[in-house]
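# Following is a predicted model, sequence given first.
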Amino acid sequence: MESSALVQVLPGKKVSYKGDNYRIAELLDLSHVLIVNEISGISQSVFISDLDVERPEETETIEELLNISEESWNIAKSRLKAIRPLLNLPKRSRADVEKVAKENNLHTNTLYGWLKLYESSGLLSSLLPKVRRDRGSTKFDENIEEIIKQAIATEYLTKQKKSQRMVIDEVKKLCRKQDLTPPHDNTIRNRIKALSPELVASRRLGRKVSDNTYRPIKGQFPGADWPLSAVQIDHTKLDIILVDDHYRKPIGRPWITLAFDVYSRMVTGFYVSFDPPSAMTTGLCLIHSILPKEKWLAKYDINGEWPLWGLPAKIHVDNAKEFRGNMLQKACEQYNIDIEWRPVARPNFGAHVERVLGTFAKEIHALPGSTFSNIFEKGDYNSESKASLTLTEFEHWLANYVVNVYHQKIHSMINMTPLAKYKQGILGDEHNPGCGLPAKIRDEERLRFDFMPYELRSIQDYGVVIDKVHYYHDVLRPWINAPEPNDSKRKRKFIFRRDPRDISQIWFYDPELHSHFAIPYRDTSHPAISIWELREAVARAEAMGKESLNEHAIFEAYEKMREIEQESVQKTKAARRSKQRRKIHAQAEKPIAAKPEVSETPIEDIPELDIEPFEEMDDWS
C-alpha cells in the first residue's frame with residue numbers, strides 16, 4: 001500500500017484491514033464500505049473507521065514540524081501554492097501541468113514530482129527541499145534572513161508596487177554592504193510567493209481593496225459549499241453545575257469547546273472540561289473533530305451514528321490569544337487547514353456555532369443543576385442543591401443529544417436534518433453529485449503530537465528541567481551538553497512535548513532517529529500531577545516561605561495539599577473540583593510514543609537552574 005498520511009476512501013483504492021490487503025469495491029453508506037480481498041477475492045462489509053487506523057509496522061521518517069526552518073517551510077508553501085490549481089483537477093492532462101509550469105517559470109517534470117509527493121501524503125512537509133541529515137538544519141545566515149525580510153517590507157510591501165526584480169537588487173546591494181554572499185534570486189522570489197495574498201493586497205493596494213477581495217460579505221459565510229469546507233470553533237461556559245464522582249457534591253460549571261460544520265450544521269467534535277479555554281482544549285477539540293468517533297461512542301455505550309471525520313478545509317476561530325500561536329498555525333499548515341480569524345466587532349462571523357451553542361443551552365436548562373441564563377429565569381431554583389450530574393455523565397448526555405437528537409431534527413435553515421444534509425453533500429443525490437468521503441488520518445498519534453504544545457530545552461548532565469521538575473532517561477544521554485550545529489559555543493535546544501493534564505512524562509523528539517520517546521520524572525516516586533496542580537503547589541510552597549523553591553519543596557507542598565484536601569473534601573467546593581480534575585486528566589487519552597525502560601541511574605544532588613517558564617502554558621491556569 002502506498003505510504004501516505006491519509007487513507008482515501010474511494011472505490012478502487014487499496015486499503016489495509018486487519019493486516020491484509022483489500023480494495024474498496026463500493027461505498028455502502030457514511031459508515032460502511034464493501035471491500036474485496038486482493039488474494040482470495042472474498043468481499044465483506046466493514047466499518048470505515050476500521051480501515052488502516054493503526055500506525056504501520058515499518059517506521060516512516062517523521063519530521064518534527066518545529067525543527068523545520070522558516071526558509072524551508074516557506075519554500076514548501078510556495079510549492080503547494082504552485083500545484084494547488086492542479087490538485088483534484090478532473091481528468092488532469094499534461095497540457096494542464098505545462099500551463100501551470102509556464103505560469104510559474106518551472107519545468108513540467110518539477111511540477112509532476114511535487115504533485116506525486118503531495119498527493120501520496122497530503123502533508124505540506126512532503127514538499128520540503130531536501131536537506132542534509134547531519135544533525136543540523138538548513139544552513140542559512142541570519143543576517144541574510146533579516147536582509148530579505150527588510151527588503152520585502154521596504155521595497156515590495158508598499159503602495160509603490162515595486163517589482164520582484166527591484167527587491168532582488170535591493171537584497172544584493174544590502175548584502176554587498178555587509179560583505180555577505182547574496183542568496184539566489186529564486187530564494188527571494190519564493191519568499192515573496194509565500195506571502196499572504198491578503199497581506200500583499202493590504203500593503204500594495206490598500207485595506208479597502210483587501211477587505212473587498214478577501215473579507216467575507218456580511219451576513220454569509222463564503223466557501224461553505226460542501227461538508228468540512230468551513231468549520232467554526234467556539235467555546236462557552238455552560239449554564240449547569242456538575243457534581244464530583246465520589247461525593248456527588250457540586251464542583252462548578254464546565255466549559256465546552258465545540259467545532260461545527262457550516263455546510264451541514266453537523267457538530268464535528270467537542271471537548272468538555274472544568275478548565276477554561278486554552279490552546280490545549282482547542283487542540284483536543286480539533287483532534288476529536290478530525291478523528292473517527294466509533295470508539296469514542298462505544299466508550300459511552302451510545303447507540304447511534306456519528307459518521308463524521310476528516311480534515312476541514314478551513315477553520316474559523318475567535319480572534320483571541322489562546323488561538324494565536326506558532327504551534328497551531330504550523331500544524332494546520334501541515335495538514336492543509338486554512339485558519340480564518342474572526343474579525344473584532346463583526347458579530348455575523350461565528351453566528352452559526354453560537355446559534356447551536358444557544359440551542360444546546362436551552363436543552364441544558366431542563367437538566368438538574370441548571371443555573372439558567374439569568375436570575376429571572378432561575379427564580380428561587382437552588383442550582384447547587386439540585387445538581388446531580390457528573391462531568392462524565394453530562395458528556396454522555398451531550399454526546400447522546402448531539403447524535404440522536406440534534407443531528408436527527410429538521411434544521412430550519414437547510415429544511416432537512418444535519419445528518420441528511422451531510423449525507424447529501426458526501427454521497428450526492430439525483431440533482432447534485434457528492435464530494436465523496438473525506439480521507440482518514442492514517443497516523444493518528446502523529447496528529448496528536450503535531451497539535452500538542454511544546455517546549456524547547458537543552459539537555460544537561462542530569463537530564464531536562466521544565467518548571468523546576470527534572471526528567472531523565474538514558475535515551476537522552478547522546479545529546480547531553482550537545483552544541484548547536486552552527487555555533488559550538490551555544491548548547492543545542494531540543495523539542496519536548498508535554499500534556500498539561502499529566503506532566504509525569506514528557507515526549508522527546510530525537511532529531512537523528514526521527515521519533516518521539518517518553519521521558520519520565522527523574523525521581524519516579526513523584527505522583528502524576530497536572531500543570532495546574534503543579535502551579536498550585538508552587539504557590540503554596542511560596543506562601544510557606546520556602547527560601548529555596550526547588551523540586552523537593554514543590555512536591556512536599558503538593559503532598560501537604562493532598563492531606564488538607566482529604567480532610568476538607570466534603571466541606572470545600574474548590575477541593576472537590578480539584579479532585580475531579582485529577583480524575584479527568586488521568587483518564588484522558590494521550591499519544592503513544594516509544595517508551596524505553598526506566599533508568600536505574602541513582603538520583604544525585606541536582607543543581608538548581610534559573611529556568612524560563614513554560615510559555616505555551618501561560619493561559620492554562
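Alright, I've got the coordinates.

# Would you mark the buried spots in the helix or strand hosting Val538?
Assigning secondary structure by DSSP states H and E places Val538 in helix 531-543. Within helix 531-543, the residues scored as buried using 16 or more other Cβ atoms under 10 Å are Ile531, Trp532, Glu533, Leu534, Arg535, Glu536, Ala537, Val538, Arg540, Ala541. Heads up, the C-betas are built off the backbone N, CA and C, glycines and all.

# to the chain's geometric centre, what's the distance from it?
On the basis of Cα atoms, centre = their mean, to the nearest Å, helix 531-543 sits 28 Å off its chain's mean C-alpha point.

# Other residues contacting that helix?
275, 467-469, 498, 500-501, 503, 529, 549, 553-558, 560-561, 578, 581-582, 614, 617, 620-621 (Cβ atoms under 8 Å, 6 or more residues apart in numbering).

# Next step: those restricted to helices.
Ala553, Ile554, Phe555, Glu556, Ala557, Tyr558, Lys560, Met561, Ser578, Arg581, Arg582 (DSSP state H).

# For ChimeraX, write the selection for the buried entries among those residues.
To isolate the buried subset of the ones in helices among the contacts of helix 531-543 in ChimeraX, counting by 16+ other Cβ under 10 Å, use the following:
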select :553,554,555,556,557,558,561,578,581,582
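
# Including distance to Met413, could the ones in helices among the contacts of helix 531-543 go into JSON lines?
Formatted as JSON lines, the ones in helices among the contacts of helix 531-543 follow (distance: Cβ to Cβ, whole Å):
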{"residue": "Ala553", "distance to Met413": "58"}
{"residue": "Ile554", "distance to Met413": "53"}
{"residue": "Phe555", "distance to Met413": "54"}
{"residue": "Glu556", "distance to Met413": "58"}
{"residue": "Ala557", "distance to Met413": "54"}
{"residue": "Tyr558", "distance to Met413": "51"}
{"residue": "Lys560", "distance to Met413": "55"}
{"residue": "Met561", "distance to Met413": "50"}
{"residue": "Ser578", "distance to Met413": "42"}
{"residue": "Arg581", "distance to Met413": "38"}
{"residue": "Arg582", "distance to Met413": "42"}
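
# Domain ranges for this protein, per the record?
6-50, 65-72+81-127, 142-214, 231-446, 452-617 (automatic domain parsing).

# if you compare the ones you listed, which one is most tucked away?
Most buried of the domains of the chain by mean neighbour count (mean count of other Cβ atoms under 10 Å) is domain 231-446; its value is a mean of 18.

# First-to-last residue distance for that one?
22 Å (Cα to Cα, to the nearest Å).

# State the mean pLDDT of that domain.
Averaged over domain 231-446, pLDDT sits at 79.

# Could you give the separation of it from the chain centroid?
16 Å.

# Could I get the full set of strands for the stretch 1-150 of the chain?
In the stretch 1-150 of the chain, the strands defined using DSSP state E, counting those that start in this stretch lie at 6-7, 14-17, 20-27, 32-37, 43-47.

# By mean pLDDT, show me the worst of the ones you listed.
The minimum mean pLDDT among the strands of the stretch 1-150 of the chain belongs to strand 6-7 (a mean of 76).

# Report all helices and strands that that strand contacts.
If you count contacts as 3 or more Cβ pairs under 8 Å, 6 or more residues apart in numbering; DSSP states H and E, strand 6-7 packs onto strand 440-441.

# outside of the strand it packs on, which residues touch it?
Here strand 440-441 has contacts from 5-7, 9, 48-49, 51-53, 290-292, 309-311, 447, using Cβ under 8 Å, 6+ apart.

# Direction included, what does that strand pair up with?
strand 6-7 (antiparallel) (DSSP bridges).

# and Leu476, which of the strands of the stretch 1-150 of the chain is closest to it?
Among the strands of the stretch 1-150 of the chain, the nearest to Leu476 by Cβ to Cβ is strand 6-7 (33.0 Å).

# before we move on, the earlier item: the strands of the stretch 1-150 of the chain: which one's closest to Lys159?
strand 6-7 (42.3 Å).

# about what we covered before: output the strands of the stretch 1-150 of the chain as JSON lines; include the columns distance to Arg79.
Output for these, formatted as JSON lines (distance: least, Cβ to Cβ, whole Å):
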{"stretch": "strand 6-7", "distance to Arg79": "18"}
{"stretch": "strand 14-17", "distance to Arg79": "27"}
{"stretch": "strand 20-27", "distance to Arg79": "30"}
{"stretch": "strand 32-37", "distance to Arg79": "33"}
{"stretch": "strand 43-47", "distance to Arg79": "36"}
